[in-house]
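Asks: compute the structure for the input listed below.
(one chain, ligands or ions: 1)
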Amino acid sequence: MEKTEYITLLVEGKEIRLPVVVGTEGEKAFDISQLRKQTGYVALDRSLMNTAVCCSAVTYVDGERGILRYRGIPIENLVETHSFMEVAYLLVHGTLPTPEEKRNFSNLLNVNSLLHEDMRHFFDHYPRGAHPMHILSTMINALAVFYPNVDSLSLNEDIEISTARLISMVRTMAALAYKKSIGEPVVYPRNDLSYCANFLNMMFDSPVAPYRISEDAVRILNILLILHADHEQNCSTTTVRTIGSAQVNLYATISAGISALSGPLHGGANQQVVQMLREIEKDGDVTSYFNRVKDRNDPTRLMGFGHRVYKTFDPRAKIIKKECHAFLEKMHIKDSLLEVALAVEKAALADEYFIERHLYPNVDFYSGIVYRALGIPENMFTVMFALARLPGWIAHWREMIGTETKIVRPRQIYVGKTWQNA
Ligand code: ACO
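Replies: Numbers count the residues shown, from 1 in each chain. From the prediction side, this is the model:
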């Protein structure tokens, strides 16, 4: 029998033994779930800076060494040889698909790629200029009304369909929202195309100018989607697991994840990076922007820099930077914002402020430049992130309903008025 290790905590002269939990990569935690019962104390950890909220087998991140692995496989290997669809399967099911599983999964995605025709009418009534992330979270919530057969308690056939529906249909919704926003006719998904080619075709094909699918565009989109597919307990994934713990249906849960992702400190940063680079380009150099960033009274941040977990290069940013260069060169695209981004990165990495705080480019720093080169409009950048993150959210939700049975319910320390002095 395995021996349980404990750490001992001294609380008001009394020794408390707390069981130690060790992860497969050697990460250590001690379990405080019985602490209040034993001592009357709770742990206080504002913004969950140092709290593991679950044990998970989906994704491993080592923020000190810049490592990211999905189900044990390094992202560097996945982007070289696998499609986004295979990686989605890997995240959701735990292993890469066999040829037969791949065929079945692909069929399921195809069968579920069409949006319910009645849902299409929704798009006619959003105000012009509405942010696509808001539209997306609303539409996904509405899926539960059109497809009420969504079980939120067990992993059964309905869940396989809901999983495929989300991964496939959200791509259709995203492209449809774009077409509506520019007043062009909707392009339907095609079963003969790969996930990424299908998306690009729905975005850019038109009755008057058929879209020629470029293999290079498909390749880089595939890489971007894989790199964004999961990142363990980030803000939106924690949202998904938290909301899911109340046994809310999968669609409502994912809709909440999308709302969390839209924030500028999270997935919304990719849109903000491009706006910031444009501003720096207009200024002529980084000095005035850096001065604002360093001013404690100014909320400005260097967007696309810094990360709660990575204290070194974000491995995703490294790959995107390299691929971004290669793609722009191959397509003969000259984007002055790439020059600005390279100059900003160089200046930040040589600046004491950023060095001291271990601030490096994160996944969002170069991704917007690739999206621009693909012709994707700025207000769709975070939608692209959401498309990519679906398999990760779903994998965590499925893991959560399979392993955790309790509703997430943190404690607080009340600091308001007491009855005596109210
Ligand atoms: N620019 C300037 N200063 C920064 C930045 C930044 N991008 N990020 C952190 N800092 C500074 C903080 O001001 C703080 O300085 P201080 O110690 O003098 O007060 C210190 O570095 C630590 O920062 P925290 O805010 O405590 O770090 P935290 O882990 O809470 O924040 C976050 C992480 C939100 C990503 C932050 O780095 C940030 O705002 N970055 C810019 C937005 C961004 O790119 N978000 C995308 C992240 S990746 C993703 O979600 C997909």
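
Asks: okay, now residue 402: neighbour count?
Replies: 10 (other C-beta atoms under 10 Å). Backbone N, C-alpha and C define where each C-beta goes, glycine included.

Asks: pretty sure it sits in a helix.
Replies: Yes: under DSSP: H, G, I helix; E, B strand; the rest coil, residue 402 sits within a helix.

Asks: how about stretch 265-285: buried residues?
Replies: With burial defined by 16 or more other C-beta atoms under 10 Å, the residues of stretch 265-285 counted as buried are 266-274, 276-277, 280-281.

Asks: next one: stretch 204-216
Replies: Buried-residue list, stretch 204-216, by 16+ other C-beta under 10 Å: 204-205, 211, 213.

Asks: for the protein, what lies in contact range of the ligand?
Replies: 234, 265-267, 269, 293, 301-308, 357, 359, 362-364 (C-beta under 6 Å from any ligand atom).

Asks: redo the buried residues of stretch 265-285 as a markdown table? Include pLDDT, distance to residue 397 and secondary structure.
Replies: Written out in a markdown table, the entries for the buried residues of stretch 265-285 read as follows (pLDDT from 0 to 100; distance: C-beta to C-beta, whole Å; DSSP: H, G, I helix; E, B strand; the rest coil):
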| residue | pLDDT | distance to residue 397 | secondary structure |
| --- | --- | --- | --- |
| 266 | 91 | 18 | coil |
| 267 | 91 | 17 | coil |
| 268 | 90 | 22 | coil |
| 269 | 91 | 24 | helix |
| 270 | 92 | 23 | helix |
| 271 | 91 | 26 | helix |
| 272 | 94 | 28 | helix |
| 273 | 96 | 29 | helix |
| 274 | 96 | 31 | helix |
| 276 | 97 | 33 | helix |
| 277 | 97 | 35 | helix |
| 280 | 97 | 39 | helix |
| 281 | 96 | 41 | helix |
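
Asks: now residue 51, what's its secondary structure?
Replies: Under three-state DSSP, residue 51 comes out as coil.

Asks: residue contacts, it?
Replies: Contacts for residue 51 were tallied using C-beta atoms under 8 Å, 6 or more residues apart in numbering; they are 43, 45.

Asks: phi first, then psi, for it.
Replies: phi -120, psi 130 (degrees, to the nearest 10).

Asks: do residue 214 as well
Replies: phi -100, psi 130.

Asks: excluding chain neighbours, what is closest to the residue of the stretch 101-250 of the chain at minimum distance from the ligand?
Replies: Closest residue of the stretch 101-250 of the chain to the ligand, C-beta to the nearest ligand atom: residue 234 (5.8 Å). Nearest residue to residue 234, sequence neighbours excluded (C-beta to C-beta, 6 or more residues apart in numbering): residue 266, at 7.0 Å.

Asks: what residues does residue 135 make contact with?
Replies: 123, 126, 177 are the contacts of residue 135 under C-beta under 8 Å, 6+ apart.

Asks: now do 10 Å
Replies: 122-123, 126-127, 173-174, 176-177, 180-181, 383 (C-beta atoms under 10 Å, 6 or more residues apart in numbering).

Asks: now for those residues: which two are most distant?
Replies: Pairwise distances among these were taken by C-beta to C-beta; the largest, 18.2 Å, belongs to 127 and 174.

Asks: ok, these two, which is more surrounded?
Replies: residue 174 (24 against 6).

Asks: surely the more buried one is within a strand?
Replies: No: using three-state DSSP, the secondary structure at residue 174 is helix, not a strand.

Asks: smallest gap between the stretch 151-300 of the chain and the ligand, at which residue?
Replies: Closest point on the stretch 151-300 of the chain to the ligand, by C-beta to the nearest ligand atom, is residue 269, at 3.6 Å.

Asks: tally of neighbours for the closest residue in space to that residue that isn't next to it in sequence?
Replies: Nearest in space to residue 269, with sequence neighbours left out and distances taken as C-beta to C-beta, 6+ apart, is residue 364 at 4.2 Å. Residues within reach of residue 364, counting by other C-beta under 10 Å, total 29.

Asks: can you check residue 191 too?
Replies: 11.

Asks: return the distance of the nearest residue to it once chain neighbours are set aside relative to residue 215.
Replies: Using C-beta to C-beta, 6+ apart and skipping residues adjacent in sequence, the residue nearest residue 191 is residue 110, 4.5 Å away. Residue 110 sits 21 Å away from residue 215, going by C-beta to C-beta, to the nearest Å.

Asks: now do the helices in the stretch 201-350 of the chain.
Replies: Applying DSSP state H, counting those that start in this stretch to the stretch 201-350 of the chain gives helices spanning 215-227, 235-244, 250-261, 269-283, 287-294, 315-330, 336-349.

Asks: list the residues that contact the residue in the stretch 251-400 of the chain that the ligand sits nearest to.
Replies: Nearest residue of the stretch 251-400 of the chain to the ligand (C-beta to the nearest ligand atom) works out as residue 306 at 2.3 Å. By C-beta under 10 Å, 6+ apart, residue 306 lies in contact with 265, 269, 314, 348, 354, 357-362.
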